[in-house]
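Colleague: Just to be clear, the model below is a prediction. Sequence and coordinates:
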Amino acid sequence: MNVTDERKGDVLILHLAGRLDSSNSPVFEKDLLNRIGTGERRLVLDFADLEYISSAGLRILLMGAKRLRPQGGQLVLCALKDPIREVLQLSGFLSILTVCATIEDGLAKAAA
Amino acid sequence: MGREIVLTLRNDLGELSRLAEAVDSFGTELGVPAQVLYHFNLAFDEFITNTVSYGYMEAGEHAIEVRVGCDGERFWAEMSDDGRPFDPFSEAPEPDLDSSVDERRIGGLGVYLVKTLMDEVSYRREGDYNRIYFAKRLAANSAGDHQSQRAT
């Protein structure tokens, strides 16, 4: 999986591309938690080019949301492909994570 | 008669992407919907991660055999490993699907997803091997053939 950074004001966008599976999830976990640890509070994860996420990837999303919440931060997911949305829905994640249809909506949500 | 492929993987998570490629190209060629292939990759991811991470008492190379097949009515897979006995369907914890972000636990989610997304799952221990089977029925015309055969 490739991760590309983009900064818009105080929002950090991470564009994820490819597959987030058990083999690369430890790297992404460390990356995401490091960014939160160094003070990022408004994060948008752009899933437009993400083809696949496993339960190991879901775990990281939950960890990120857990870390940000007490600090008043925001973790926003956007542009999910249908199979990924289905997996989040079955996992009960759509009710606890912020999910937006487009990156523009995601940015607005994160900046709010 | 159906078609099937057999892959022998090393006990290394890096093998997951090679497996996903093989499953995607095999399934796509047979007209299996992309969503079903996604569900199969989720299942492989879950079980192979379990086996590689917790299945072996000592370090060293082990083989995990994966067979994937299609018989017209169902797309199925069977995985065999020589790790310690482990039935993921009965031993995984129940997932927590309802509590708030702060209280939510994540254990058991992967197995829960597999059970939910597959039409059939089974586990058996055969000698020194764990054998995990899962399958999804395909809503293809072959299902219709089956029904008309039953009707006659």
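Modeller: That came through, no problem. Numbering: from 1, shown residues only, chains lettered A, B, ... in the order given.

Colleague: now the spatially most central residue of chain A: how far from chain B?
Modeller: For chain A, the residue nearest the mean C-alpha position is A:Leu45 (3.7 Å; C-alpha atoms, centre = their mean). For A:Leu45, the distance to chain B equals 15 Å [C-beta to the nearest C-beta, to the nearest Å]. Quick note: C-beta positions are derived from backbone N, CA and C, even for glycine.

Colleague: Name whatever forms a beta bridge with that residue.
Modeller: Note on A:Leu45: beta-bridge partners by DSSP bridges are A:Leu14, A:Leu77.

Colleague: My read is that it contacts A:Leu75, right?
Modeller: Yes. Look at A:Leu45 against A:Leu75 with C-beta atoms under 8 Å: they come within range, at 7.1 Å.

Colleague: Can you pull up the most central residue in chain B?
Modeller: Chain B has B:Ala43 as the residue nearest its centroid, 4.1 Å off, counting by C-alpha atoms, centre = their mean.

Colleague: can you list the residues of chain A near chain B?
Modeller: By C-beta under 8 Å from any C-beta of the partner chain, the residues of chain A that approach chain B are A:19, A:21-23, A:52, A:54-56, A:58-59, A:62, A:65-66, A:69, A:82-83, A:86-87, A:90-92, A:96-97.

Colleague: Which among these count as buried?
Modeller: A:19, A:21-23, A:52, A:54-56, A:58-59, A:62, A:65-66, A:83, A:86-87, A:90-92, A:96-97 (16 or more other C-beta atoms under 10 Å in any protein chain shown).

Colleague: quick revisit: residues that sit against both of A:Leu45 and A:Leu75, list them.
Modeller: Both A:Leu45 and A:Leu75 are in contact with A:Leu61, where contact means C-beta atoms under 8 Å, 6 or more residues apart in numbering or on different chains.

Colleague: quick one: the helices in chain B?
Modeller: B:15-29, B:34-54, B:88-91, B:109-117, B:141-151 (DSSP state H).

Colleague: Switch these over to TSV, and while doing so, append mean pLDDT to every line.
Modeller: Below are the helices of chain B laid out as TSV (pLDDT from 0 to 100):
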stretch	mean pLDDT
helix B:15-29	96
helix B:34-54	95
helix B:88-91	88
helix B:109-117	94
helix B:141-151	41
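
Colleague: Any chance of CSV for those helices, columns distance to A:Phe28?
Modeller: Formatted as CSV, the helices of chain B follow (distance: least, C-beta to C-beta, whole Å):
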stretch, distance to A:Phe28
helix B:15-29, 14
helix B:34-54, 14
helix B:88-91, 24
helix B:109-117, 17
helix B:141-151, 40
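
Colleague: mind checking which of these is nearest B:Arg74?
Modeller: Closest to B:Arg74 of those, according to C-beta to C-beta: helix B:141-151, at 9.4 Å.

Colleague: what helices or strands is the helix or strand encompassing A:Arg19 leaning on?
Modeller: For A:Arg19, the element it lies in under DSSP states H and E is strand A:11-20. On a contact count with 3 or more C-beta pairs under 8 Å, 6 or more residues apart in numbering or on different chains; DSSP states H and E, strand A:11-20 meets strand A:2-8, helix A:25-37, strand A:42-53, helix A:55-68, helix A:103-111.
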